[in-house]
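A.B. asks: Sequence plus the predicted model coming up.
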Amino acid sequence: MLLRLTRVRLRTEWLLLLCLAFLIVLYIWFCGLDMRTTSLGTFEQFEEKYGAMFRDGLSRDEAERMTTGFALKDPIKEGTGIREAYEAILRKLRGFAYSRLLMGAENCAFLLMGALAVLYLCPQFGKRRAAQWLSVGYGRGQVFLSMTLTYYACAVLLWLISSSILLGLYRISFSPEERGFFRTTQLSWLCNVLFSAALAYLSAFLLRRPLPTYLAALAVWFLLRVESPALSASPVVIMGSGEIIKSWDPRMDAGSLAAGNWITLGFLAAVVILSWLSFRKRGLN
Amino acid sequence: MSESVLEVSHLRKVYQKRDVLKDVSFRLEPGTATALVGPNGAGKTTLIRILAGLVIPEEGSVSLLGSQNDRELRLARQQVGFIVESAFGYDTMSVTRNLDLRAELYGKPDKAWLEELRQELRLTPEYGVARREQLKLLSLGQKGRYALASALVNKPKLLVLDEPLVGIDRENVKVVSDLLNRLCGEGMTMLLSGHVAEQLQKICSHALLLDKGVMTGPVPMEEVVEEEDGEEEA
């Protein structure tokens, strides 16, 4: 019965999912256009600008200035050649641009998931479906589980489609090591999408005031994460606020990243449990 | 005495500290058509929502088709057809697709029966409902007929309809009434709500009267209609 409910629901919403995935890919593509040109320019332009520094060998001070100036994690060493320095800086800038790209995609997915939740679960829309299934004889548990599963399945599907296309599009541009890094980011992105889905779910289903509550919760979360490294590790980023992106923040470490993701998953579980308790007690009041 | 199809005992429902239903009790016997009549705000829709399992009452119990517990009650709903407030449907899909999906929720759809419903209730191109026309584009009357069709997809033993004749013109009221009378004659039990008894007189023999959450009856339909006519003249 549960599978039947879920299948019926997905059959009716496939078009919406497809449109959302298409929008995400479009957005990512436009962000990608920005990524193709970096401030570094071609190697010839780099050589024209910085060649004098490398002519007699890069000094320690110059290497430190270059490292700080481009915010490199792996410092350029004294005596590094110009080609080697150029490639190191290019990798970093590309990585940063790619991170912005991924975070742009996160923003997009986040906002679209919010819109999906508001449309999907607000009383005028999603609960009509729940009313239909309840009156047909399905139990409250089955109905709730189906709604929750299909909702989060939509979130995961969106993430899968968008991130797969993204990685596929830039496969040629990056080395295997860089692709490994982005795979980690991709997983972190999944937590973000699930978090935003939970946030919108909470607003629409549990609190019954979809849009205002969703925006208020988003604002509170945004303010909290600026202050806390653990919360920052699971970033919910407002579109365009590149300065707040914490990927290159010295405070960020593996422990913070892990804590952030656990916070996300914990929040998600808490939302589902609270929503179920409310639904079981109040029905569709 | 035969087992009742629907038995409601001492039902009480409170919304925002106000009693919307107060100690409501009644029974429906098999093969009968009963009207649930009352003014706007009387509690008719709330009662039907409780029967459909959408809303949980503060007190009282509901027994459908002899159910003894919550699990049996839930299973019994699979043999009941409901219209609650408005048609259950996906606005961007056609009538045919909506009926198919609804029937799927009950298990294996009976395609022949679905087609018969479409024909009987005039949900066909000859009557202005194109095969692929989206539900949201139908008129109020067409939506009303679709709502009835969706409540009948599982050939229920009990039909509970909230305001089934709203927006339906006189000619189509006859179509709907003829169908419901035929089904009632074949053994289907019905509870139809409305605030004008005269509309339901063609189908129902008795009425339960609900006003400000208090129920009285059953009363013969003729008496209710006479009283309504008397109030209008006054």
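C.D. replies: Done, it's in.
A.B. asks: ok, B:Lys155 - contacts?
C.D. replies: B:110, B:113 (C-beta atoms under 8 Å, 6 or more residues apart in numbering or on different chains). Every residue, glycine included, has its C-beta placed from N, CA and C.
A.B. asks: That one: which element?
C.D. replies: Assigned by DSSP states H and E, B:Lys155 belongs to no helix or strand.
A.B. asks: now what about the longest helix seen in chain B, what contacts it?
C.D. replies: For chain B, the longest helix by residue count, based on DSSP state H, is helix B:170-185. Judged by C-beta under 8 Å, 6+ apart, the contacts made with helix B:170-185 from elsewhere in the structure are B:31-33, B:120-122, B:141, B:144-145, B:148, B:152, B:159, B:164-165, B:168, B:190, B:192, B:199, B:202-203.
A.B. asks: Show me which residues of the stretch 101-250 of chain A sit near chain B.
C.D. replies: Near chain B, the residues belonging to the stretch 101-250 of chain A are A:128, A:131-140 when assessed by C-beta under 8 Å from any C-beta of the partner chain.
A.B. asks: let's go with 7 Å and repeat that
C.D. replies: With C-beta under 7 Å from any C-beta of the partner chain as the criterion, the stretch 101-250 of chain A meets chain B at residues A:128, A:131-137, A:139.
A.B. asks: Can you turn the buried part of the residues you listed into a PyMOL selection?
C.D. replies: Buried residues within these, by 16 or more other C-beta atoms under 10 Å in any protein chain shown, are selected in PyMOL with:
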select buried, chain A and resi 128+131+132+133+134+135+136+137+139
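A.B. asks: where along chain B do the strands fall?
C.D. replies: Taking DSSP state E as the test, the strands found in chain B are B:6-15, B:18-28, B:33-37, B:59-64, B:80-83, B:158-162, B:189-194, B:206-211, B:214-220.
A.B. asks: Export these to TSV and append columns for distance to B:Lys44.
C.D. replies: As requested, the strands of chain B are exported to TSV (distance: least, C-beta to C-beta, whole Å):
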stretch	distance to B:Lys44
strand B:6-15	12
strand B:18-28	10
strand B:33-37	5
strand B:59-64	15
strand B:80-83	12
strand B:158-162	7
strand B:189-194	4
strand B:206-211	6
strand B:214-220	10
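A.B. asks: who's in contact with A:Met53?
C.D. replies: Taking C-beta atoms under 7 Å, 6 or more residues apart in numbering or on different chains, we find A:Met53 in contact with A:Glu62.
A.B. asks: Give me the secondary structure label for it.
C.D. replies: Assigned state for A:Met53: helix (three-state reduction, DSSP: H, G, I helix; E, B strand; the rest coil).
A.B. asks: Let me see the confidence value for the most centrally placed residue in chain B.
C.D. replies: Centre of chain B computed as the mean C-alpha position; nearest residue by C-alpha atoms, centre = their mean is B:Leu161, 0.9 Å away. The per-residue pLDDT reported for B:Leu161 equals 92.
A.B. asks: and what of A:Leu158?
C.D. replies: We have a pLDDT of 67 for A:Leu158.
A.B. asks: closest to chain A out of the strands of chain B?
C.D. replies: Across the strands of chain B, chain A has its closest neighbour in strand B:80-83 (4.4 Å, C-beta to the nearest C-beta).
A.B. asks: low pLDDT regions in chain B?
C.D. replies: When residues are selected by pLDDT under 70, those of chain B lie in B:1-2, B:85-88, B:231-234.
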